Each structure stands twice: as structure tokens, then as C-alpha cells.
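A.B. asks: After the sequence you'll find the predicted model.
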2 protein chains.
Amino acid sequence: MSSGTTLKGQPLDKAALESMLRRRMFYTPSFEIYGGVSGLYDYGPPGCALQANIIDTWRKHFVLEEDMLEVDCSVLTPHDVLKTSGHVDKFADWMCKDPKNGEILRADHFVEDVLEARLKGDKEARGQKVEEKEDDPKKKKKKAKSEAVKLDDAVVKQYEEILAQIDNYDGEQLGELIKKYDLRNPATGVQPSPPVAFNLMFQTSIGPSSNLPGYLRPETAQGQFLNFAKLLEFNTGQMPFASASIGKSYRNEISPRAGLLRVREFLMAEIEHFVDPEGHKKHARFHEVENIELAFLDRHTQLSGSTAVKKQTIGQAVKEGLVDNETLGYFLARIHLFLKKIGIDQTKIRFRQHMANEMAHYACDCWDAELLTSGGWVECVGCADRSAYDLSVHAKKTGAPLVVRAQLDEPRVFEEWEIQIEKKKFGPYYKKDGKTVEAAILATSQQERGKLAKELEETGKVVIEVPGVGDGKVEVSKDLLAINWVKRTEHTREYTPNVIEPSFGIGRILYSLIEHNYWTRGTEGGDEARGVLSFPPAIAPTKVLIVPLSNNKDFTPIVHKLSQKLRSAGVSSRVDDSSASIGKRYSRNDELGTPFGVTVDFQTIKDGTLTLRERDSTKQVRAEENKIIEAIKDLVDGKKTWQDIESELPLFEGQEVEVAVR
Amino acid sequence: MSSGTTLKGQPLDKAALESMLRRRMFYTPSFEIYGGVSGLYDYGPPGCALQANIIDTWRKHFVLEEDMLEVDCSVLTPHDVLKTSGHVDKFADWMCKDPKNGEILRADHFVEDVLEARLKGDKEARGQKVEEKEDDPKKKKKKAKSEAVKLDDAVVKQYEEILAQIDNYDGEQLGELIKKYDLRNPATGVQPSPPVAFNLMFQTSIGPSSNLPGYLRPETAQGQFLNFAKLLEFNTGQMPFASASIGKSYRNEISPRAGLLRVREFLMAEIEHFVDPEGHKKHARFHEVENIELAFLDRHTQLSGSTAVKKQTIGQAVKEGLVDNETLGYFLARIHLFLKKIGIDQTKIRFRQHMANEMAHYACDCWDAELLTSGGWVECVGCADRSAYDLSVHAKKTGAPLVVRAQLDEPRVFEEWEIQIEKKKFGPYYKKDGKTVEAAILATSQQERGKLAKELEETGKVVIEVPGVGDGKVEVSKDLLAINWVKRTEHTREYTPNVIEPSFGIGRILYSLIEHNYWTRGTEGGDEARGVLSFPPAIAPTKVLIVPLSNNKDFTPIVHKLSQKLRSAGVSSRVDDSSASIGKRYSRNDELGTPFGVTVDFQTIKDGTLTLRERDSTKQVRAEENKIIEAIKDLVDGKKTWQDIESELPLFEGQEVEVAVR
């Protein structure tokens, strides 16, 4: 539980921040004039530019830096693919219904809310200070209200332990908690019904005849897996390699809340790094990051009911086995560096390991990069080891060879059961099921083959289990199939790669970034109402605001020329020639997070000089146009800091330009 | 009908091109290992990079150049929004069913195919040369096969006239054509059933309780319209302005065909330019483009059965009224410049005006930028005048003021009927319907108000038509409402802006761009099998291929350093250190459209010099590393041409580096 702090460490006034974001159109509820739809948001111009800059940095930091193969795959996905991947059966949240008012509740959130309210009531009863969370007044009825009721110390401990592992309960366990602690919906005072699974995928139908059911993808990963063989070929067969994808995914959240943090349509950036599982997943560039220190919260700590983090270098963490292997460790460190680069507060990042029940059905290990916001710790990047799960299930279902053939240094000689299929007869005999039956036969283990060989010899036929064909059992006679004990020499090794998947929720990162960079001039003795977003220049939606002193016609050509020069220098700028005072215009600009401002005044007409203002310090320098443009370019490219510029160009103490803020 | 030509004017071998695009993974059918889903494609690494570069150029050419307000809105859209916009009722194609085999046919395509086949048969019977279209063998059964049957000259003329205006027929008319000319499905030999409307939107359901039906948006425009009031405020109330959006849209095509040209999920880039309808939609920057010559095919020409284009400057076309106004004309010219910039063949662009029946329900005029491909002319950019349609219908439905208030130069005095609503009583009386009833009252015309005033005076009440409330008629008594004849002075004018909408189908542009830039070395006396994609450097997926002569270990650090230097110069490169011959590696690269290649050889180890190869001429120069990097940067930024570089750096005639191609 946290109510958040600003960039300068002051308590964060979330209502003030949200009102500012709304006023400046960072984002806005979609379809608002139609009453809105919860969990859907539109990005306005500054939000859209911020998002584009985060994506641009992501692409450079990951895709270009490591020659990843970027792909753009379909969002519409047929049922079969997501059935095989496990999403149709397992991609669900637990949902309860209030029997009195019909309200639908997400079970884990419901348990969390009620227990947190009771703990808060207990603190009140004990006379302790309680941090008041800012609630959206419209949603107040949904929130569990705290009453000042003191709890037994033992009960407090139980509640705290439950909350520390809230993500680890399945539906049945959540149902038991609801009964055991008599958790009631505050809106009606009754216990909700036992949790049932609700699949989170949006369903639709592809084509005119409605016979091809499909879903909107819940992740971009599947498209990358299905293209694995082509990508490997594109990469001239070389391993390891990574694919990457940036695109929208969809999850039909039961009860979206918390603004951009839990939405139904969201932009993801995902990497699938394919690696040979032999040799403990070493990474060639691990040494570049091994000394980077991260904050870890492992699963054992959470299961013991604690959320204390442990700080250590990623090198040490891999050595101690806290993080399973170098490749996983490499990406955790790279994720950290990316978040740092875009301006995330480094003291507000932790890496939390998933508990066993919490993990997605495809993962064998998973660490989330969580960012601290006013709503608590938020999962913003997942880094999962999906093992060979996805490639294996798709290969098994389709018969496509989603494998790597690697040259062996030493040939390997061994004996084994070999299957020979009489292709000429086999195909015509099983017709459309041929491929499936063949795949099922080839999927048998050595042990099974031994048994089948015996069966074939004794009875002249074998029975193979082939789900989906006939009654699931298929008979194969010996004129279609031979199984022999053979001696073989292998020069190549065939394996299914493992996948390490860093997966970024761009909207959550964007929102956290806003909170981490927000402060008000009040912090430094100025006007409390004047908000500032101190984005790094590379990430800021617009780099420069051009402000003519007044609407004097003589300023127009100067402003126009300056704007064109900045554009050809690759720097995005906006002109504000509205009639508002300069102070007001700069204030508007601080709220948009624009790092630099250039004022065109009467002096400019005389001698061509301009003032350049820095957002955070509000300090200004003055120089001729070319020098100012050069300074801006160096600042935006990160080649110079504002301190460098202050030492190079004469400071300007403008009387009319700025109302002093400190 | 066209079978297409290459960049060098030779006949285009479409099968060879498609095989190359597939081999190089520009794009690939989605879910191919599951058998694929028609109308869905994934972009592989070069396709994805090509798309990103087209988008990047688009953003600079339109959004940054004109300070457009870019937004990113939800794809999931609730039913009400698309009901109001007219898409639920009117966004449909005409679909026929074959009663014999159940095949579903898109009616206009069916008529087109059969008539084209008959015309082809006629040509054969007359002994004329027939261009053979390359067909996908898998789809052959669907294509109407031509038989050499001679037709009457009058019939030929009729067919040609029908084909010239095929987009202008509605379902009933298509049904009449099918009957009149006895058009039969070639697969079964029977006439299909009469056309019925099939809505093209993908439907889904939002939220856990299935009570909020929604669609995947068929265009990005609606999100921009719904945000109009906020965007206007963001733009500090100034008009005109444009919003823009880049994102996916969805259309459930009846029978997708022709690869990337007709797909179910596609990337769009749309601009909504909001303009005051008074003053005939002048544009402040029209003079910048007025001398640009475009090829026009207007609706009268098409209706007369011809497809002859007329070339003239956009200035002249607006003056003559061929193009309705400056704003529409400005965008047509800007579209042309954009297409030229990314490398579209200028001789393969025409602007075709929509015929009356063909226009979307929201448009009052529309010009398509069509590109000539091997499949004929393809609509790639639409430029519609949507008038005030969308803003008006949404304002009427929701009561939101999607209008502009402009200061009048001279106050305007006039008398009119004014409506006064007793808000205190009105709201509580109509409860939830209050807003809707009020909106209906306020939407009445002056003439209606006159009648209502009389009715109110005579009967003490009026009856208002309010669709969707009760039985559609609502009684309002005089204690809730007054209608008076008043004299008013207006200092401001309120108006609903008109919208000019340039709308880009990125996938279609991308495919056309590939065809327009494709040729083979055979054209110049080299190997016919060696394809080249001559993309402009700014658009090419990768700018530089780095090729070490062999896998000698000494090359590795040089390659690594070079690759890093290019990256920090902002130039994307790829290393090909596979064991293939240099000639083979460059050949692979020509197919990927990479404009430049750098070879690292033994000379490099000695003196640090590198060779730089240009894709189209295969000429090479040799110089030290820094000069080569500088040359590449100037070439990619468009500051220098290859001719410049050839004159500045010494030519290199490498013996081992390249197998001569001419």
C-alpha cells in the first residue's frame, strides 16, 4: 500500500496529477461522450508522442542493439492456435457474482480489498496513522470501507500473510478464504458466490460463414512461435537469436480499474529469445551486465509472508542460483537499463519472482519488473522462461518441425528403435488424417516403441492413441509401419529451443513514468498548483516550445524559420502563439513535460538572438539562433547536459519573460 | 487489366516475385502451420522494417510538417458509436451464395470475374493476344475460366461499360446483371442466389456479462471525431487543424484475395482535417502545391464507360471545379508527393473519383489515389470529403457540442425562435431520457419551432419525435418548455466543421511499392533469376549489409566496431558472416533491397580501408572507414547521390568480391 511520492520525494497528490493529465490530454477515456467503456483509453497528442518515444527507445535498446528479428503478426487468431497454446482452457481469472445485486467481482481483488479494509480499520482502532488512498468518487461504492474495528494480533498476521501471497491462490482457495473470513461485498453486505473461471479472451468469428471462431490475441508471442522455422531460416540457421514484436493485445478484464494500469486493450512489446537448453543457457554478453545491482523479491520470501527485497548484482544472483541462468539474468539487467534510460526512478524498481500457482500455464520461471506507483507495486515487465512449452505443443499439434538441427562436434553412435512408415500406402489409407496419425506415431518415446514393436510382431498391428481422429484410437497394420532396433551414427543434434520472454506493458510503463517524473513548483517554494513533468529530453513528447513574446506580425517569419530549422535537425517542436502570458504558456508547457523553451522577442528582431529556457531549473541562456539550435540538438541527443550549456552560453535574467517561481 | 511491369519496364513475373518475397520473409500467411486463414498475413523482418520506414516517412511528411495532433484510440468500439456513425447499418458488401456447393461469393467480384473471362474468351476467338494472368494454383477452381467464344460487338461494349463502373452497382443491380447475362459460378455451372448485404465488421462482446456488444473498428476515424472537442481545446481553439492516427483496422472481407491487397486486418494511417465550411474550404498552403501535375479520372468519364485519365495541375483542377476545393486539392497533391517520396513509380499513380453509389455513406466527394500493379489499379489512399456528417450525427446522438465557436468580425443581429427549457423540472420529469428529449427539442429547425410555438400556445403542450424513447413520441407541456420569438445579437458564430480525410492503406502501399521497385539482373544482361528491390535508401528495410570476406577471426572485431559506429550514426545495418560466397550474399541482399554493402577483406586489416557497394549499379568504391561511414550517412539522409560518391571516392574493381553481372 502506498500513496506515492513525486520526483522530489513529496507526497503525490494523485487527484491534482490526474486532473493535469486530463487537461493536457495525455489520455482520456475512450468514447467518453457516449459514457465511456471501462478499461479503454485513448491517448491524446502528448500521450501518443510519449508512447512513440518509449517505443523508439525500446526498439533501439533491444531490437537494433541485438539484431533481433522484428515481426508484425495478426491480432485475429483462430481458435485452434489458442486451444493448442493452452489459452482457451487456462487463460482465465476467477470471477464471483454478488447474488443480491448481480455485481461481478474479480475474486482476488475482492479478497484483497476486504482484507485491506479490515487491516486499515484495525489500525484506526489502535490509533495508528492511516494513509488515505485517493478514491475516484464515482467508484466509491465498490470500495470496501474501513470501520475502526480492532483485530486480534494473530488475525492481523494471517491477513498480512494472505495479502503477501494473494497472487498465489486458485479459485477454490479464494472461495475458501471468502467463507473462512466471511468476506462480504460492501455494497450489499452479502458473501459473493464461489469463484468460477472466466476466460479473458475476446471472441469473434472470422469470415462470412461464421464457422471459423477466433480470438483477439492475448499476447503477441504466439505469432512469433508459429513463425519460428521461417525466422530460423531467415537467420541463416544461427542460434541463439531473438524475435521481437510491438503491437496491441487484448484481455477482457473482469473489472478494469486504476486507469491505464488495468485495461482491456494495450500495447505490448515482446521479445522471444530462442536458446539451446543444453549448457545451462549461457549468454555471450552476460559479462557486460554482471555488475549491475538489482532489487530482488524471490518466491520463498513472499511465501514466508514478507515483501522484503534483497539487493545484489545480477552476476551474484545467477551464481547463487537465485536467478536460474545467464540468459534470464542478462535480460533482467537489460530491462533495468531500459527503464533507467527512459527515466524511471531507480529506487522504485524491484524484480519479483512469481510463485508457483501464480505463473502462467506456459512458464517454468518468471520474474516481474515491478514499478512503485501511488497504487502500489505494479507489474510492468514480465520476464518468463517459457522453456520449450510453446514450440513443443504447436509442433506436436501441426507436425511442423519447430526445431533446430545443430552440427555435433563429435559424431554420436547409439542403438534405438526406429520407425519406418510406408508413405505410399500410409497417406492414401488415412487420407486427411494421415499427417496427424503419422505425427502421433513419431511422437512415441523409445520405451513405447519397444512395446509397439513387440505388439506389431505378435499381432500384426498396433493401436495408437490419436486424439481428434475417430474415437481417439487408430489401428496401424504392419504393411503400413515397421519398427526396428537399429544402430545409428548422428552427426547432428536436433533440439527444441527454450524461450526466454521479456514482455513489456507499454501503457503501464508510460503511466509509471509519468508519476515518477511529476512534481510541483511548490516543492521548491513556488506555486503548488504548477505541475512539472521532468521527462528526459529523448522521451519528452515535444522537445522545444517556441514562444513569440506577443502576436506582433514581425515575429511570424522568425518563428516559422526557427521551426523549420529545428525540424530539419530532427527535433520536434511546437509553437505557442496564443494570447496567454509568457509565464502561462511556459507553465502549460511544464505540464506537457517539454524540456526546452525558446522565446522570440523584440531583441531577436534586432540582433537575431534567442533565449533558451530549461524546464526544471527555469534558468535561461541567450545566444544567436545557430548556437541555440546546436545547444538544443546536443541536449536532446544526450551529448550535453544543461550544466554544460549554462557554462558555455551567457545566462539571461529576463524581466518580462518569466514570473519568478522561487 | 494489367500483368504489370518491373521498375525497368519489362513484364513482371509475378510468380518469381512472390517466391522471392516469401523466401526473404517480407510477409507470410498468418498461422501457416495451421493451414493459414485467408486475408491474414504476418510481416517478417524486412516487411516489418519496410512498414516502419513507410510509417516514419508518413509521420514526418504529414504529422510533423503540419503540426497535426496525433492520437491513438481504441480499436474495440461499442455498438452505439458505430450505430450512430452508420456503420452498423451501411458498412456492408454484397454477398451471393452458390445454391449447389454453398460457396460464398462477393457479388461485384463475381460479376467482374465472369465478364472478364467472357471478354478474354472473345479475344481468343478473334485471334487477339491475351495477357495471361498468373493465378495461384490453389485458387484456380474459383476463377472463371475463359472459353474461346466470340461475342457480338454490342455485347463486348456492354461488358466493357459495366466493368468501367462495376463499383457503382448496388445489390439489386448486381442481382439484375447476374440474371440478365446469366452469370454462373464456374465451379458448379449454376447462378448464385440474389445478393444480400453482409456487414463487414468483426463483432465481439466487451466485459464479463456479455451485455455490451462491440466491434473491431473498421477505420480509425471515429476515435478522432469523438475526441474533437478535446482536440480543439488542446489546439487552444484554433482552426483549421488536423488530427491523425496510425493503427490497425478490421474488415471481415467476404472472400479475401490478391495477397496483401485485400486483407481482414490492416494498418491504416488516417488524417482528419477539420475546416470551416464557409469560404469554400480555402487552404493557406495551397500555393505551395498548385503547380503539381496529377492524373485524374473523374466520375463522369467512368460513367460514360471510359477509364481515360486527364493530366493537369492541381491548381487548374480546383479552378475548373474538377476538384471541389483547395483543401481537398492540397491533400491530393500532398498524397502524390508522399507516394513519390517513398519510391512509388509516378507513371503508375492516378486519382480516381468515386461514383455516386460507390461512395461510403458518410462521404460527399471522394478521390482515390490508385496505384497500378500486376492486379490492375488498386485503391491505396482514399481522400474523402466527409462534410459535417460524423460530427453532426455524434453530436445529435450524445448532446456533446462538437462545434467551433468563432469570433465574428461584425456582430450579427437577427430574430429567431428561441427554446427555453425549465431545467429544474425537465430533468426530474424525464429522468434518464432527459438528455435525449432535450437534444431532440434543440435539434428542431426554425420552421419546426414556429409550428411548435403555435401548438404550445393552442394546446398547452407539444409532441416531439424522439426515436428510442417510449414509442418514439414524447409529450412536453408548457411548464417545461417555452418557445419565444426573440431578437438576438451574435458576436460569435457556431459551426460544425467539415472534415477532409486522407486515409492510407499501408499494406497496399507497401505491396505496390515492392512491385514498383522490383526488377531482375536479366534486364541488364545478367542473371534473370537475380531479383533486385531498388527501394530508396530512406525506405529500405536495412541500409547497409556488412560482409566479412570469410570467417577469418581477424575480421570479427572490425565488423563489430563498424556495426557499432553505424548504429551510433543512426544507420541500421546487418552483418552476413555466413559461409556463402560474397556474390551469393550480395545477391541475397539485393533481394532484400539493401542499398549499400560494405566488404571487410584482408586489405582492411592492413590499411583500414573498406569497399562500399551500391545495389543498383553494383559499382564499388574503396576508402578508409570514416569516409565510408560518412558517405553512407549522406546517402541515407538523401544529402548525396551515388554519383556524388563515385566522383569523390576512388572506384574499386574487386576481383574476388563480385561475380560480374553484365
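C.D. replies: Everything's here; your move.
A.B. asks: next SSE after the lengthiest helix in chain A?
C.D. replies: Taking DSSP state H as the criterion, chain A has its longest helix at helix A:107-125. Moving toward the C-terminus from helix A:107-125, the first helix or strand encountered (DSSP states H and E) is helix A:153-164.
A.B. asks: Touching that next one from outside, list them.
C.D. replies: Helix A:153-164 is contacted by residues A:111-112, A:115-116, A:118-119, A:122, A:151, A:177, A:302, A:305-307 when judged by Cβ atoms under 8 Å, 6 or more residues apart in numbering or on different chains. (Each C-beta comes from the backbone N, C-alpha and C, glycine too.)
A.B. asks: Check the offset of it from the chain's centre.
C.D. replies: 30 Å (Cα atoms, centre = their mean, to the nearest Å).
A.B. asks: Any buried residues in that helix, and which?
C.D. replies: Buried positions in helix A:153-164, judged by neighbour count with 16 or more other Cβ atoms under 10 Å in any protein chain shown: A:156, A:158-159, A:162-164.
A.B. asks: What residues sit buried inside the longest helix of chain A?
C.D. replies: Within helix A:107-125, the residues that qualify as buried by neighbour count (16+ other Cβ under 10 Å) are A:107-124.
A.B. asks: So among the contacts of helix A:153-164, where is pLDDT lowest?
C.D. replies: By pLDDT, residue A:305 ranks lowest within the contacts of helix A:153-164, coming in at 84.
A.B. asks: Now do the spatially closest residue to that residue that is not a sequence neighbour against residue A:178, distance only.
C.D. replies: Spatial nearest neighbour of residue A:305, chain neighbours left out: residue A:161 (3.7 Å); criterion: Cβ to Cβ, 6 or more residues apart in numbering or on different chains. Plainly put, residue A:161 is 17 Å away from residue A:178 if you go by Cβ to Cβ, to the nearest Å.
A.B. asks: Can you check the pLDDT for the residue nearest to residue A:305?
C.D. replies: Taken from the predicted model, the pLDDT recorded for residue A:161 is 89.
A.B. asks: who touches the one residue in the stretch 451-600 of chain A that gets nearest to chain B in this structure?
C.D. replies: Across the stretch 451-600 of chain A, no residue is closer to chain B than residue A:578, which sits at 4.6 Å (Cβ to the nearest Cβ). Applying Cβ under 8 Å, 6+ apart, we find residue A:578 in contact with A:585, B:236, B:238.
A.B. asks: Could you rerun that using 7 Å?
C.D. replies: Going by Cβ atoms under 7 Å, 6 or more residues apart in numbering or on different chains, residue A:578 touches A:585, B:236.
A.B. asks: you'd agree it is in a helix?
C.D. replies: No. Under DSSP: H, G, I helix; E, B strand; the rest coil, residue A:578 falls outside any helix and is assigned coil.
A.B. asks: So what does it have for phi and psi?
C.D. replies: In terms of degrees, to the nearest 10, the main-chain angles of residue A:578 are phi -70, psi 170.
A.B. asks: Check it and give its pLDDT.
C.D. replies: Here, the pLDDT recorded for residue A:578 equals 85.
A.B. asks: now swap in residue A:120 and tell me
C.D. replies: pLDDT for residue A:120: 90.
A.B. asks: Please tell me how far the spatially closest residue to it that is not a sequence neighbour sits from chain B.
C.D. replies: For residue A:120, the nearest residue in space outside its immediate sequence neighbours is residue A:146; the separation is 4.0 Å by Cβ to Cβ, 6+ apart. Residue A:146 sits 27 Å away from chain B, taking Cβ to the nearest Cβ, to the nearest Å as the criterion.
A.B. asks: Residue A:645 and residue A:571: what is the separation?
C.D. replies: In this structure, residue A:645 and residue A:571 are separated by 15 Å, where distance is defined by Cβ to Cβ.
A.B. asks: Nearest spatial neighbour of residue A:99, chain-adjacent residues omitted?
C.D. replies: Using Cβ to Cβ, 6+ apart and skipping residues adjacent in sequence, the residue nearest residue A:99 is residue A:193, 5.9 Å away.
A.B. asks: Might you report the residue contacts of the one you found?
C.D. replies: In this structure, residue A:193 makes contact with A:96-97, A:99, judged by Cβ under 7 Å, 6+ apart.
A.B. asks: Report the beta-bridge partners for residue A:190.
C.D. replies: For residue A:190, the beta-bridge partners are residue A:185 (DSSP bridges).
A.B. asks: pretty sure it contacts residue A:97?
C.D. replies: No. Look at residue A:190 against residue A:97 with Cβ atoms under 7 Å: they stay out of range, at 10.8 Å.
A.B. asks: neighbour-wise, which of these two wins?
C.D. replies: Remark: of residue A:190 and residue A:97, residue A:97 carries more neighbours, 18 against 12, as counted by other Cβ atoms under 10 Å in any protein chain shown.
A.B. asks: Now that one: closest residue in space that isn't a chain neighbour?
C.D. replies: If you skip the residues right next to it in sequence, residue A:97 has residue A:193 as its closest partner in space, 4.8 Å away by Cβ to Cβ, 6+ apart.
A.B. asks: how much space is there between that neighbour and chain B?
C.D. replies: From residue A:193 across to chain B, the span is 13 Å (Cβ to the nearest Cβ).
A.B. asks: Residue A:204 now?
C.D. replies: Distance of residue A:204 to chain B, given as Cβ to the nearest Cβ: 5 Å.
A.B. asks: quick one, what contacts that residue?
C.D. replies: Under the criterion of Cβ under 7 Å, 6+ apart, the contact list for residue A:204 reads A:214, B:202-204.
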